[in-house]
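> how would this look folded up:
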Amino acid sequence: MYIKNKFTGSCLVFLSGLTFISCHKDVAVGTLIQANGFVIDSVKNKRLSNATIYLYGAHQTFYGIYYDIGPMDSTVSDNNGSFSLKYISAGNSIDYALAVGSVIYGGFSSQNNYVVDVAHTQYPFNYSHQLNNVIVRARELNYLRLNLKVLSNPYDTINVMVNTTYGEFSALYRLTGNSVDTSILTRCLPDALNYIFYEIEPEVVQDSFKFRREIDTVTANLADTLTISKTFNSTYDILLQPF
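Below is the predicted model of the structure:
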């Protein structure tokens, strides 16, 4: 009796899953999809101008609903951070969402000044065809000036990488020369933890099982530009790490 009930319960769960999958149909071809609102920085609490907002479509699987079709259209916020968007459905999405970055690759944004807010990566329409006065959240990047000196660089090459905690922003700077004395103007995420990697590539170290890397962490404040300085007497001082 227990086995039968267990089997019956499993069937009900499976049938419920099939019902769930089939309950959403594609939005009809030619349907007008509209949205208006503004883009705001979640930390600075300010509206963001010249931010690109993308429209993504959604599809459904047994495991859930994914807003990863597209981007299908886009618009740019004005000087007050306001935006509006109109799109005619192509009939291949069950729903739509707004986002300032990619919804496929962890929210990464290719915009120069803005990255996604990892706590609010997208704004779904929730099966409505019109959104009014919505708030799309994003983060504005500030500047980070890195004054770097390497007095002796026998490897001739050193890579400097700047990353945010969740990868919203990432930049690579490849420096060459027997010594380095330069200033790098890059970006950072304010009121957040940022990472600076100093790395010698494995093939340059000539040890296939180790490479040299040092990591600095920087908690950026809200200042427009954060300046830090770093000096290596020699790149031999950068510790060897297992590859």
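
> Could you tell me how far the longest strand along the chain lies from the centre of the chain?
Looking across the chain with DSSP state E, the single longest strand is strand 64-76. Centroid displacement of strand 64-76 relative to its chain, using CA atoms, centre = their mean, to the nearest Å, is 15 Å.

> Past that strand, which element shows up next along the chain?
Of the helices and strands lying after strand 64-76 in sequence (DSSP states H and E), the nearest is strand 82-88.

> Contacts made by the very next helix or strand once past that next one with the rest, please.
Sequence-wise, the next helix or strand downstream of strand 82-88 (DSSP H and E) is strand 96-99. With contact meaning CB atoms under 8 Å, 6 or more residues apart in numbering, strand 96-99 is reached by 27, 33, 35, 53-58, 67, 72, 85, 87, 103, 107, 116, 121-125, 131, 134, 136. (Glycine included, C-beta is placed from N, CA and C.)

> list the buried ones in stretch 75-85?
Neighbour counts over stretch 75-85 (16 or more other CB atoms under 10 Å) mark 75, 77, 81, 83, 85 as buried.

> Equivalent analysis for stretch 93-108, please.
Per 16+ other CB under 10 Å, stretch 93-108 contains these buried residues: 93-103, 107-108.

> What's the end-to-end length of that stretch?
With CA to CA, to the nearest Å as the measure, stretch 93-108 spans 22 Å from end to end.

> Over to stretch 110-130?
Stretch 110-130 has an end-to-end distance of 27 Å (CA to CA).

> ok, now stretch 217-227?
One end of stretch 217-227 sits 13 Å from the other (CA to CA).

> what's the answer for stretch 221-228, then?
13 Å.

> on that earlier part again, for PyMOL, what selects the buried ones among the contacts of strand 96-99?
Those of the contacts of strand 96-99 that count as buried under 16+ other CB under 10 Å are selected in PyMOL with:
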select buried, resi 27+33+35+53+54+55+56+57+58+67+72+85+87+103+107+116+121+122+123+124+125+131+136
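
> Which residue ranges make up the domains of this structure?
26-123, 142-242 (automatic domain parsing).

> what would these look like in CSV with mean pLDDT?
Output for the domains of the chain, formatted as CSV (pLDDT from 0 to 100):
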stretch, mean pLDDT
domain 26-123, 92
domain 142-242, 92
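
> So which of the ones you listed has the densest surroundings on average?
Between those, domain 26-123 has the highest mean count of neighbours, a mean of 17, where neighbours are mean count of other CB atoms under 10 Å.

> from the chain's centre, how far out does that one sit?
Chain-centre distance of domain 26-123: 13 Å, with CA atoms, centre = their mean.

> what's the span of that domain, first residue to last?
19 Å.

> With only the CA atoms kept, save stretch 136-149 in CSV.
Extracted in CSV, the C-alpha atoms of stretch 136-149 (Å, rounded to 0.1, in the frame of the first residue of the first chain):
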residue,chain,number,x,y,z
VAL,A,136,15.3,49.7,-13.1
ARG,A,137,18.2,49.5,-10.7
ALA,A,138,21.9,49.7,-11.6
ARG,A,139,25.3,50.8,-10.2
GLU,A,140,27.4,53.6,-11.3
LEU,A,141,31.2,53.0,-11.5
ASN,A,142,33.6,55.5,-10.0
TYR,A,143,37.3,55.9,-11.0
LEU,A,144,40.3,54.2,-9.5
ARG,A,145,43.8,55.6,-10.1
LEU,A,146,46.5,53.0,-9.5
ASN,A,147,50.1,54.4,-9.3
LEU,A,148,52.3,51.4,-9.9
LYS,A,149,56.0,51.1,-9.6
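
> before we move on, the earlier item: the longest strand of the chain pairs with which strands, parallel or anti?
Sheet pairing of strand 64-76 (DSSP bridges) gives strand 52-61 (antiparallel).
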